[in-house]
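1. Fold the following, please.
(chains A and B)
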Amino acid sequence: MTELTGRVTDIRADYMAQVRRKRMMDGIILVIFIALMVSGFMIADDRNAGGFWDGLHRFFDFPKEVVSEAVGKLDEMPAHFVTFFPSLIETINIAAASTLLGAMLAMVLSLLSTRGMAKWPRLIPLFRRIMDIMRAVPEIVIALVLIFVMGGGPVPAMIAIAFHTAGALGKLFSEVNENASLKPVEGLQSVGASWAQRMWLGVIPQVAPNYFSYALLRFEINIRASAILGFVGAGGIGYELKNTMSWGKGQYDEAAAIFLLLFAAIVAVDQLSSVVRERLTHGKTTAQAQKVSA
Amino acid sequence: MSIAANETDFLKVQADQQFSRKRLFSFGLPVVVLLYLTFIFFNFDVPGLFKRFEVDNARALVADSYSYKTHITRDNRTGNVTAAIEGERKGSYPEGTVPEWVTLGATDTVIDLGGGHEIVFGADNFVSYDVPGYGMITAQPSRASGVQASLPTSETPDWINASKNRMTITTDAGRLTITRNRTEVFRYFAGWELFFFTLDSPYSGLGFGEVMSRALGGDSAAIWQDFWNNKMWRHKDVVWALFETILMAFLGTMGAAIVALPLAFLAAKNFTPFTAVRQITRRFFDFFRGVDALIWTIVLARAFGPGPLTGALAILITDTGSFGKMFSEALENVDKKQIEGIQSTGAKPLQRYRFGVIPQVTPVLLSQILYYLESNTRSATIIGAITGGGIGLMLTQAMITQKDWEEVAYYIVLIVLMVMAMDWFSGWLRRKLIAGDESGR
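-> Reported below is the predicted structural model:
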């Protein structure tokens, strides 16, 4: 009996020691984290042109100016919407085309870098590294170089975004591919199908819904990216925004119109893609369930 | 029997319909995509692009990104000969010194471009260029009567561009430009010039072993000083800029997570029974996400001026929306049983959250935060280019000069390496923090 109580106290002491150690570690990590955040904030504040505390009360000045000008010229708003709508369409077109091109390239790259599907199994690491590098390049880098070579316009932005998209989607696609069944591929191989046929007929039908869902998510991200690239000279609504901003006061009603258009576009695509993706992942199963029960 | 036959007929019809629908889809979709891309091809004026494509720019860009040129310049008014790498002040040779392929004589300066190409700056601004396989080109520039070139052939070959006041000769070995005011020779070399030390440093041009042995001999501080403050490549500024970019990403991501976590409880169905509060919080998240980082950057730059803090705040605000949405979804998926278990021991609400909820959602939250940390390193580069901070700013500055392409190439390599390092680091941290979670690759 005493032996048992002794063991219980031992276990308890052990447990408490473990808990204390864990708490201590958590505490240390927390202290380090807070120290990093505070010192990081101080360095950033120090290296910024205007200080945080000086700027804080000016935070609403600019939005206030924009809103007051926009409200003052409310009757011109619809005309501004009409003026800038084509450039919004261009921004969306850049995003759509680059998502399509990027997804097509990503499809090929991901198939080439998935075990069991690759055409050249020895080159799998090479294609993976290629995707890593493509993913790591920020769009703006390629866009700026291409703008220098080709002049401004939508094409540099399209190529830049497509390049990054291919890398980002390629990684996600290859994760999808890993879960695909290889049996259709083997079946096709047994009847003498070429690599392209095996992939197109054996793999793609299995993974298409997941590909589509990821591509939609990318499309959403790419709209933002193409707006930003417009700001550095690649056309679309970002370019118009830069122009109106550089005219400064008196033109802020136009800036407000562009803000609203961009906001509406992003929210609309966001909602639309979440509905479609929801249906892709959940609606499918209910449809199948219905079929089975029928 | 007949019923069974009917059923098979029905099934066959159904199967046929399904097949034709599938066939339509699998052929129709590629056609639609192709049509759209064709539309884009013309809408974006890709054919016109080929006409506008500036081949010279592209060639200069590519050549400059892996090679450099040394300028040998004679001022035709004073007769002074100077040498400078890339023709820049910070790359110029100290007064009276020239590279070893140039010989400064009493009257003649002989420039050996290699491969038999030889240029001589003679007395009274006289210039001669001996091109192998072509002959001797001479020129006598003067302020009164222009360049006065004479060629060995009566016909001007297309690699010589001559007019009254200007002559440019471009060969494989280099380039000679003569105007009334000055005569300039370019010679091209592969590599990134003066990457370690500029010419005013005593360590310039020494081999690695030599520099190392001097460092061991007690010069290490001075060597480091010369390298760190290299005027051409600005190693100090570059390292600071990289640090600033990572700082922006770190502050923005972590700050957003800190702000979003308590708000996410307000937006989660199982923690906030009041629909109104939930809806308001969610619309709040949607608003922050929907107003793009671009717009936040512009608004913030007005208040705080350019710099890393502005970038960090822009990331913070945008990602508060994204994190809020994802965190609240994670919170809605928590297991009730753990919370009830904690509650049964008499825990207060805050304790219930701390011990019942947080341990459940931590792995999900951490992996999302770390994923965003990596992606925000890229965003910070882009935001930096717009708002003026970090490596993004240095990149745009180097691009604006339209000639420092070797620096642009250097920065691009650094950015890619930085993002890949952050990718690796966030993956490592994820594995470390979420022990046993194999999905957190």
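
2. quick one: the helices in the stretch 251-400 of chain B?
-> Applying DSSP state H, counting those that start in this stretch to the stretch 251-400 of chain B gives helices spanning B:275-290, B:293-304, B:308-332, B:336-344, B:349-352, B:358-387, B:390-400.

3. so what's the residue most central in space within chain A scoring on pLDDT?
-> Taking Cα atoms, centre = their mean as the criterion, A:I221 is the residue nearest the geometric centre of chain A, at 4.3 Å. Looking at A:I221, its pLDDT stands at 90.

4. before we move on, what about B:A83?
-> Confidence score, pLDDT, at B:A83: 80.

5. show me what contacts it?
-> B:T70, B:H71, B:I72, B:T73, B:S92, B:Y93, B:T97, B:V98, B:P99, B:V102 (Cβ atoms under 8 Å, 6 or more residues apart in numbering or on different chains). No exception for glycine: its C-beta is placed from N, CA and C like everyone else's.

6. does the fifth one have beta-bridge partners, and which?
-> Going back to what we said before, that points to B:S92. B:A84 (DSSP bridges).

7. A:V267 - how many residues pack around it?
-> 15 (other Cβ atoms under 10 Å in any protein chain shown).

8. Please name the nearest non-neighbouring residue to it.
-> B:G290 (4.4 Å; Cβ to Cβ, 6 or more residues apart in numbering or on different chains).

9. Contacts only, for that neighbour.
-> Contacts of B:G290 (Cβ under 8 Å, 6+ apart): A:F263, A:I266, A:V267, A:D270, B:G321.

10. I'd like the distance from B:Q402 to A:A160, if you could.
-> 19 Å (Cβ to Cβ, to the nearest Å).

11. whoops, A:R47 was the one
-> Taking Cβ to Cβ as the measure, A:R47 falls 28 Å from A:A160.

12. mind listing what the closest residue to chain A within the stretch 51-200 of chain B touches?
-> Going by Cβ to the nearest Cβ, chain A is nearest to B:A58 of the stretch 51-200 of chain B, at 4.7 Å. Applying Cβ under 8 Å, 6+ apart, we find B:A58 in contact with A:V149.

13. Identify the residues contacting A:I147.
-> Listed by Cβ under 8 Å, 6+ apart, the contact partners of A:I147 are A:P156, A:V232, A:G233, A:A234.

14. Next step: those restricted to strands.
-> Among the contacts of A:I147, no member falls in strands (DSSP state E).

15. can you map out the strands along the stretch 101-250 of chain B?
-> Counting by DSSP state E, counting those that start in this stretch, residue ranges of the strands within the stretch 101-250 of chain B are B:102-104, B:109-114, B:117-121, B:127-131, B:135-139, B:149-150, B:160-162, B:166-170, B:174-179, B:182-190.

16. still on that earlier bit, neighbour-wise, which of B:Q402 and A:A160 wins?
-> With neighbours defined as other Cβ under 10 Å, B:Q402 and A:A160 compare such that A:A160 has more, 27 against 13.

17. related to what we said a few turns ago, rebuild the strands of the stretch 101-250 of chain B as a markdown table, extending it with distance to B:Y372, mean pLDDT and mean neighbour count.
-> Formatted as a markdown table, the strands of the stretch 101-250 of chain B follow (distance: least, Cβ to Cβ, whole Å; pLDDT from 0 to 100; neighbours: other Cβ atoms under 10 Å in any protein chain shown):
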| stretch | distance to B:Y372 | mean pLDDT | mean neighbour count |
| --- | --- | --- | --- |
| strand B:102-104 | 55 | 79 | 15 |
| strand B:109-114 | 53 | 80 | 18 |
| strand B:117-121 | 56 | 82 | 20 |
| strand B:127-131 | 60 | 83 | 21 |
| strand B:135-139 | 62 | 82 | 17 |
| strand B:149-150 | 63 | 78 | 16 |
| strand B:160-162 | 54 | 81 | 16 |
| strand B:166-170 | 51 | 83 | 19 |
| strand B:174-179 | 50 | 84 | 20 |
| strand B:182-190 | 41 | 82 | 18 |
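
18. Good, we can wrap up now.
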